[in-house]
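Q: My questions concern the predicted model and sequence given below.
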Amino acid sequence: MKVLEGIGIGVLILLAALAVLFVRRAWVTRRGGIIRLSVRVSTLLDGRGWSPGFGRFTDDELRWYRMFSFAIRPKRVLARTGLAVERRRLPEGQERLSMPADWIILRCTSHQAPVEIAMAQSTLTGFLSWLEAAPPGAASPRLAHDWPAA
């Protein structure tokens with residue numbers, strides 16, 4: 001009986017953890033403005049270090065949340081002011097195995113540090129529009145115009 005009780009408690013804990021993940025995502029996404037977005041959190045190995053998640057646009061910030069995390073706060077916050085797209089490219093090597101085929105990788109510069117983000121090609125237009133749109137009186141960040149065709 002003790003073995004069955006242990007298995008039952010383990011399954012219950014696993015289901016509770018999954019429920020918390022779903023409730024967290026519902027809580028973060030309740031206001032909309034969500035995109036699927038992967039961020040490269042480590043550059044130690046070529047083509048590795050990508051973490052899946054979702055981004056939420058709030059005013060002048062893009063807040064990135066890890067997909068499989070219990071944290072309520074975003075893991076990374078990218079402010080529109082000071083954020084610029086340096087270049088874009090298609091996934092290469094190992095990256096092609098870890099992300100969908102229609103995704104584009106952007107290398108961005110910001111006040112904090114350079115960051116690489118990946119998103120669907122259909123999402124790219126909306127992201128670039130958000131990046132270029134600035135409130136009246138604010139300077140719009142510059143985008144590189146010498147991007148290779150993707």
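A: Received, thanks.
Q: okay, CA-based contacts and neighbour counts for the rest of this
A: Fine.
Q: could you give the mean pLDDT of the longest helix belonging to the chain?
A: Using DSSP state H to define each element, the chain has its longest helix at helix 2-29. Across helix 2-29, pLDDT averages out at 86.
Q: swap in stretch 70-80?
A: The model assigns stretch 70-80 a mean pLDDT of 86.
Q: ok, so what distance separates the residue nearest to the spatial centre of the chain from Met99?
A: With distances taken as Cα atoms, centre = their mean, the residue of the chain nearest its centroid is Leu37 (3.2 Å). From Leu37 across to Met99, the span is 10 Å (Cα to Cα, to the nearest Å).
Q: Find the residues that touch each one of those two.
A: When Cα atoms under 8 Å, 6 or more residues apart in numbering defines a contact, no residue borders Leu37 and Met99 alike.
Q: what's the offset of the longest helix of the chain from the middle of its chain?
A: Taking Cα atoms, centre = their mean, to the nearest Å, the mean C-alpha location of helix 2-29 is offset from the chain mean by 25 Å.
Q: Quick check: buried residues in that helix?
A: By neighbour count on 16 or more other Cα atoms under 10 Å, the buried set for helix 2-29 is Leu21, Arg24, Arg25, Val28.
Q: Redo those as JSON lines? Include distance to Thr58.
A: Listed next are these as JSON lines, based on distance: Cα to Cα, whole Å:
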{"residue": "Leu21", "distance to Thr58": "21"}
{"residue": "Arg24", "distance to Thr58": "17"}
{"residue": "Arg25", "distance to Thr58": "16"}
{"residue": "Val28", "distance to Thr58": "11"}
